[in-house]
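A.B. asks: The amino acid sequence is not available; the structure is as follows:
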């Protein structure tokens, strides 16, 4: 039987999971691919530790007679792989979006080998360059694992819904932030305590910045925007806000509105315009996404003909993400001559965040003085915004905290209302009002 030989660069959490699955499911994968999927070589800086950690025979590792490889030694082994014409596909699980990683990805493709990666940051930043290189060299890129780990959202969009039109995407695409918000909401933990617990359990890294500031989710949304709508969006163009300023008061106001706060990736097509953002939203409890707790991910697609679809699963993890990478390996092995590498582009425009229409909840923290609620509601009304509800006023040490929920309007209207409040009573606002979209 024909062989399809695989090399893995990096044997950390994800790379180790890939190697483990390739070894354990070797016979099953042969039947699914119609070829023998053979793990040829693993390059990792710490071969002995990685072998023990993932229970992978040391014989698979380059430089397996050493406890640690220098970077120069690792690069020599990588060169050997790229020059080996018998290796068909390279799995990049080193991570990061540095020039070194970009150059490595391009070298893999130029060496006439397929590339599979879970590296969302790299794809979000260099999508065009990488896919153009793949097309020029008639090679395929598998990247199912780059968005929501084990959830087959990439194949879903690329293959399952080609006979339909995707209208909107909304989803929880970062397990760390979802775990933190779940603990804050259900157990009353502060943000700091919930983050600490997430780190202790391994859901959050020692440096959790990319998770809590929304950038990890933003990388994933930028990839989905390209696939679902054919729009070339640079990551820097997206409106992204994190969860680090969400407080107990915000969660309590959400509960009063029969809602739960989640970090939401949202995109919607409206004629030739695309609305896209990543930010905390008050998700109505009637929306299925409100029930997704812990580190679980979920993506909801609204299609023109087939209506609503929800995909739920693990967004990270060694074997979970590894399974998505192996699915790409098998798919490429079986259909490599029939897969289109580069998708189409549409002349669609990404709308500025100020023009995105949502119902919003505005949370005010002011001095505790008479007439403030009236002043704020009047200013909102002056911008042509209909008010849905006014939350009850919480008085606390000479300050008041209250919220106002609007009907659908533009963020620019709300900003103008806040500007009017500041001009009329510059003394009353103790903090900048917090504006949180409401997702039905």
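C.D. replies: Nice, thanks for sending it over. Model, not experiment: these values are computed from the prediction. Residues are numbered from 1 along each chain as shown.
A.B. asks: for residue 302, what are its contacts?
C.D. replies: Taking Cβ atoms under 8 Å, 6 or more residues apart in numbering as the criterion, residue 302 is in contact with 166, 167, 168, 169, 170, 308. In this view, the C-beta of every residue, glycine as well, is placed from N, C-alpha and C.
A.B. asks: low-scoring pLDDT stretches of the stretch 301-440 of the chain, where are they?
C.D. replies: For the stretch 301-440 of the chain, the stretches flagged by pLDDT under 70 are 342-343.
A.B. asks: Please apply the same query to the stretch 51-200 of the chain.
C.D. replies: Using pLDDT under 70, the stretch 51-200 of the chain has no residue that qualifies.
A.B. asks: where do the strands sit along it?
C.D. replies: 89-92, 114-117, 141-142, 166-172 (DSSP state E, counting those that start in this stretch).
A.B. asks: Return the set of buried residues in the first one.
C.D. replies: Under the neighbour-count criterion of 16 or more other Cβ atoms under 10 Å, strand 89-92 has 89, 90, 91, 92 buried.
A.B. asks: Verify the contact between the last one and residue 116 for me.
C.D. replies: Yes. Taking contact to mean Cβ atoms under 8 Å, the distance of 7.3 Å between residue 92 and residue 116 places them in contact.
A.B. asks: now the helices: where do they sit in the stretch 51-200 of the chain?
C.D. replies: Using DSSP state H, counting those that start in this stretch, the helices of the stretch 51-200 of the chain run over 71-82, 99-110, 120-136, 153-155, 175-187, 191-200.
A.B. asks: between those, which gets nearest to residue 349?
C.D. replies: Shortest distance between residue 349 and the helices of the stretch 51-200 of the chain, using Cβ to Cβ, is found for helix 120-136: 17.8 Å.
A.B. asks: Show me the domain layout of this structure.
C.D. replies: According to automatic domain parsing, the chain comprises the domains 3-149+319-335, 153-314, 353-439.
A.B. asks: Output the ones you listed in JSON lines, with distance to residue 347 appended to each entry.
C.D. replies: Compiled in JSON lines, these are given as follows (distance: least, Cβ to Cβ, whole Å):
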{"stretch": "domain 3-149+319-335", "distance to residue 347": "16"}
{"stretch": "domain 153-314", "distance to residue 347": "7"}
{"stretch": "domain 353-439", "distance to residue 347": "18"}
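A.B. asks: closest to residue 346 out of the ones you listed?
C.D. replies: domain 153-314 (3.8 Å).
A.B. asks: thinking again about what came up before, would you tell me which one of the strands of the stretch 51-200 of the chain is buried the most?
C.D. replies: strand 114-117 (a mean of 28; mean count of other Cβ atoms under 10 Å).
A.B. asks: returning to that earlier point: ok, so of the contacts of residue 302, who is nearest residue 34?
C.D. replies: residue 166 (31.2 Å).
A.B. asks: tell me the SS of the nearest residue to the closest one once chain neighbours are set aside?
C.D. replies: Distances taken as Cβ to Cβ, 6 or more residues apart in numbering put residue 228 closest to residue 166, at 4.5 Å, once the chain neighbours are dropped. Classification of residue 228 using DSSP: H, G, I helix; E, B strand; the rest coil returns helix.
A.B. asks: Need the pLDDT of residue 228.
C.D. replies: Here the pLDDT value assigned to residue 228 is 96.
A.B. asks: Could you check how many residues crowd around it?
C.D. replies: The tally of other residues near residue 228 (other Cβ atoms under 10 Å) stands at 25.
A.B. asks: check contacts around residue 358.
C.D. replies: 408, 409, 411, 437, 438, 439.
A.B. asks: Give me the buried subset of those.
C.D. replies: Using 16+ other Cβ under 10 Å, the buried members of these are 409, 411, 437, 438, 439.
A.B. asks: now the strands for the stretch 251-400 of the chain?
C.D. replies: Counting by DSSP E, counting those that start in this stretch, the strands of the stretch 251-400 of the chain are 259-270, 273-284, 296-303, 307-314, 349-350, 357-358, 360-367, 387-390, 394-396, 399-406.
A.B. asks: Give the partner strands of the third one in its sheet and their orientations.
C.D. replies: Read it as strand 296-303. Sheet pairing for strand 296-303, assigned by DSSP bridges, gives strand 166-172 (antiparallel), strand 307-314 (antiparallel).
A.B. asks: Can you mark which positions in that strand are buried?
C.D. replies: Applying 16+ other Cβ under 10 Å to strand 296-303 flags 296, 297, 298, 299, 300, 301, 303 as buried.
A.B. asks: Quickly list what the first one is bridged to.
C.D. replies: Bridge pairing for residue 296 (DSSP bridges) gives the partners residue 314.
A.B. asks: cool, and the last one?
C.D. replies: Taking DSSP bridges, one obtains residue 166, residue 307 as the residues bridged to residue 303.
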